[in-house]
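>>> I would like to see how this sequence folds:
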Amino acid sequence: MSLLTPSEEGAFSGAGSLTTLRKAKAPAEPPNELIYRHHAKLRSSLRQLWASREIVVTLAERDIRAQYKQSTLGILWALLFPLAMLGIFTIIFARVKSQGIPGVPYELYAYTGILYWTFFAAAFGQGALSLLNNKSLMEKTQFPRECFPLECTLVAVVNSALALVPLGLLFAIFAFVPHPMIWVWAPLFILITLAFTIGIVVLVSAVVIQMRDLAQVVPIVLMLGLFATPVIWQFKRIPHWLQPVYGFFNPLGPVIDDTRRVMLSGLNPVPIPLLAAMAGALFYIFVGYRIFKRLEVNFADIA
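You can find the predicted model right below:
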């Protein structure tokens, strides 16, 4: 006795009819509502990400090894790159009176901003392309896709930690003692920088894999961002009423300025721009992660 209906038996009759039936039932591509209206539960996504934290560490270790493998200087490049930037800035800007802080060696002033910027630039430059660079691995694995941009951020954290060594040497060379209050404020500055960087990196990595041409724009954004961030110039050059707005959209500005104020001058942070930076960092990490989870459903298909 046949378990098929007459219409189904007719569909299976004839050569190649099974293939025809399968093609008829399979959609050509996922409908847009599955891709752009995909809703992922934030709490469960964060739980899965936390459960995959060892994967982030493993991927970061892989990239660190690959970064310095077969290199004569090896991990010393993490120290030489910010020092090279410091040398360039010192030659060009050290004699400009409008730059720096009176009574503070310009090298210390500049290197403080360089530390923040090199961290962000390294995380952004690699993290924005992380999904594209790992597309073959992404097609074969099932762990959370945000592990890829996050491991790039972790690599940048390691390199930035190494770059603190020259800062200590600069303090010793210039016989300059950092104000001890920096140890009180440093955790907050670091958290703001991490939240802002992670939010931007996760957001841009999800957008770049959707629109490949944006990968060519990343170096331009970094070049412009260097001059739009108070790495070279002082944050106080922004009009007072505009500082909170700037701090919201670019939290690195108030963080760099307040780090210099606390560590080099012994002053307290400016509260309103710093609060705006905190709000901006939370905004970026929340919106960036939400957009990433909305778009991740088709990462493997378009990679």
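
>>> in which helix or strand would I find the spatially closest residue to Ser160 that is not a sequence neighbour?
With C-beta to C-beta, 6 or more residues apart in numbering as the criterion, Ser160 has its nearest non-adjacent residue at 4.1 Å, and that residue is Phe119. Every C-beta, even on glycine, is put in place using the N, C-alpha and C of the backbone. Element membership of Phe119 [criterion: DSSP states H and E] is helix 106-127.

>>> buried ones in that helix?
Neighbour-count burial for helix 106-127, counted by 16 or more other C-beta atoms under 10 Å, picks out 106-127.

>>> how about stretch 176-190?
Burial within stretch 176-190, assessed by neighbour count using 16+ other C-beta under 10 Å, is assigned to 178, 182, 185, 189-190.

>>> just the ones of the residues you listed in helices?
182, 185, 189-190 (DSSP state H).

>>> now those residues as JSON lines including pLDDT and distance to Ser205?
JSON lines is the format used below for these (pLDDT from 0 to 100; distance: C-beta to C-beta, whole Å):
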{"residue": "Ile182", "pLDDT": "93", "distance to Ser205": "32"}
{"residue": "Trp185", "pLDDT": "96", "distance to Ser205": "30"}
{"residue": "Phe189", "pLDDT": "97", "distance to Ser205": "24"}
{"residue": "Ile190", "pLDDT": "96", "distance to Ser205": "22"}
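
>>> which of those lies closest to Ala60?
Among those, Ile190 lies closest to Ala60 (C-beta to C-beta), at 17.5 Å.

>>> burial of Phe93, as a residue count?
Phe93 has 16 neighbours, counted by other C-beta atoms under 10 Å.

>>> skipping adjacent residues, who's closest to it in space?
Leaving aside its sequence neighbours, Phe93 sits nearest to Gln99 (C-beta to C-beta, 6+ apart; 4.9 Å).

>>> quick one: secondary structure of that neighbour?
coil (DSSP: H, G, I helix; E, B strand; the rest coil).

>>> quick one: it and Pro230, what's the gap?
Distance, Gln99 to Pro230, by C-beta to C-beta, to the nearest Å: 10 Å.

>>> ok, and what's touching stretch 121-138?
63, 145, 148-153, 155-156, 159-160, 197, 200-202, 204-206, 208-209, 212, 215, 218-219, 221-222, 225-226, 299-300, 303 (C-beta atoms under 8 Å, 6 or more residues apart in numbering).
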